[in-house]
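[1] Just the structure for this:
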Amino acid sequence: MSDAPSAPVAPLRWDGAALRPFEDRVEPPLLVADSWLVDDGRVLALDLHRARFGAAAGDVDGVEAFWHACLAAIPREGAWFPRVELAETGVDVRIARDPHIYSGLADADADAGAGTGARVVPELRFRLRAAPERNRSVRLVTADGDPRRHPGVKGADFPAQDRLRAAARVRGAEESVILSPDGHIVEGAYSALLWWRGDALHHPPSELTRVPSVTARSVLGLAAALGVEVREEAAAPADLEGCEVWAASALHGPRIVIGWVDGPLTAEEPGRLGLWRRRLGRLARPLATLGA
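    Below is the predicted model of the structure:
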């Protein structure tokens, strides 16, 4: 799933052959974004992040070469939270038709710029960011609504998600919980939600549109490998009274929910979260073995 960005960092722009620094006074809207935690050169489920970003970016040219250039730019020491982006940017139609820049977009989008002399062309960007502070616990609050327009794509709704998180802080929480029109839990503004009933691990139904969380998928895959019962459940917040609830994200991993403002009273089985966080940590792989 996705997390709020750390302090703004000037991005690097992919020019079709290399990442180049540049300055942009106006941040263009994001179409797609993906980020992951790199801790001393090790990362969890990087292949899933690559697949998620590639699927959302579609047929944009140069994604594979861009991806490898980004991995090569990440230091192998320290804690980092890099982000890859596909940004919306206005480009003169003649530049967009240059075979060395945006070669895959020129023909596909030719009609979009007809008669205007310019059009919006996606641009690949990379931000190398130091990892923000990480936590093992979180307080939730149920959001008043869902302002997102593209709930299945990571990055496209960051401004709306930021507003949800800001509203949560006003109410004494760190994360907002988004509900379906029927009142069932979908996900957090920047996290996926999982919960335990006894020894069975539950997650929202697959038909509810949400960002495909890499961290939640890793937890569920590990559970299946260990023979833990995994169930889908359409649940309202009140249905989680007495359950152990986790909010999972790429930055923090699974976090224990220690409070839900005006919501259910959640529980915690001593030692379970720590055990699963250690298990996930052992699945992290060095970037050097992942095509970097």
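[2] Just give the number of residues close to residue 279.
    Using other C-beta atoms under 10 Å, residue 279 has 15 neighbouring residues. In short, each C-beta sits where N, CA and C put it, glycine included.
[3] Touching, it and residue 222? I think so.
    Yes. The pair residue 279 / residue 222 is scored as a contact, 6.0 Å apart, by C-beta atoms under 8 Å.
[4] Which is the succeeding secondary structure element to the helix or strand of the chain with the lowest mean pLDDT?
    Least confident helix or strand, the chain: helix 103-106 with a mean of 36, by mean pLDDT, DSSP states H and E. Using DSSP states H and E, the helix or strand that directly follows helix 103-106 along the chain is strand 118-127.
[5] Can you list the helices and strands that that next one packs against?
    Helices and strands touching strand 118-127, by 3 or more C-beta pairs under 8 Å, 6 or more residues apart in numbering; DSSP states H and E, are strand 12-14, helix 63-72, strand 83-92, helix 93-96.
[6] report the angle between the axes of the second one and strand 118-127?
    Right, helix 63-72. Angle of helix 63-72 versus strand 118-127, following axes from the mean of the first three to the mean of the last three C-alpha atoms, to 10 degrees, is 30 degrees.
[7] that older thread, how about the helices and strands packed on strand 118-127, which one is nearest residue 41?
    helix 63-72 (10.6 Å; C-beta to C-beta).
[8] tell me the mean pLDDT over the next helix-or-strand element following that closest one?
    As assigned by DSSP H and E, the chain's next helix or strand after helix 63-72 is strand 79-80. Across strand 79-80, pLDDT averages out at 97.
[9] Could I have the CA atoms of stretch 176-188 written out in CSV?
    The C-alpha coordinates for stretch 176-188 follow below in CSV (Å, rounded to 0.1, in the frame of the first residue of the first chain):
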residue,chain,number,x,y,z
SER,A,176,-8.5,7.3,8.5
VAL,A,177,-10.5,4.2,7.6
ILE,A,178,-12.4,4.3,4.3
LEU,A,179,-15.7,2.6,4.1
SER,A,180,-17.7,1.3,1.2
PRO,A,181,-21.1,2.7,0.4
ASP,A,182,-22.6,-0.2,2.4
GLY,A,183,-20.4,0.8,5.5
HIS,A,184,-17.9,-2.0,5.1
ILE,A,185,-14.1,-1.5,5.7
VAL,A,186,-12.2,-1.0,2.5
GLU,A,187,-8.7,0.2,3.6
GLY,A,188,-6.9,3.1,5.4
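[10] Endpoint to endpoint, stretch 135-155 covers what distance?
    For stretch 135-155, the first-to-last residue distance is 22 Å (C-alpha to C-alpha, to the nearest Å).
[11] I'd like to know the average pLDDT value across that stretch.
    For stretch 135-155, mean pLDDT is 97.
[12] quick one: buried residues of it?
    Buried positions in stretch 135-155, judged by neighbour count with 16 or more other C-beta atoms under 10 Å: 138-143, 146, 148, 151, 153-155.
[13] Next: stretch 76-88.
    Neighbour-count burial for stretch 76-88, counted by 16+ other C-beta under 10 Å, picks out 80-87.
[14] likewise stretch 197-208?
    197, 201-204, 208.
[15] Turn the residues you listed into TSV, including pLDDT, secondary structure and distance to residue 35.
    Formatted as TSV, those follow (pLDDT from 0 to 100; DSSP: H, G, I helix; E, B strand; the rest coil; distance: C-beta to C-beta, whole Å):
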residue	pLDDT	secondary structure	distance to residue 35
197	97	strand	31
201	98	strand	25
202	98	strand	26
203	98	strand	22
204	98	coil	22
208	97	coil	23
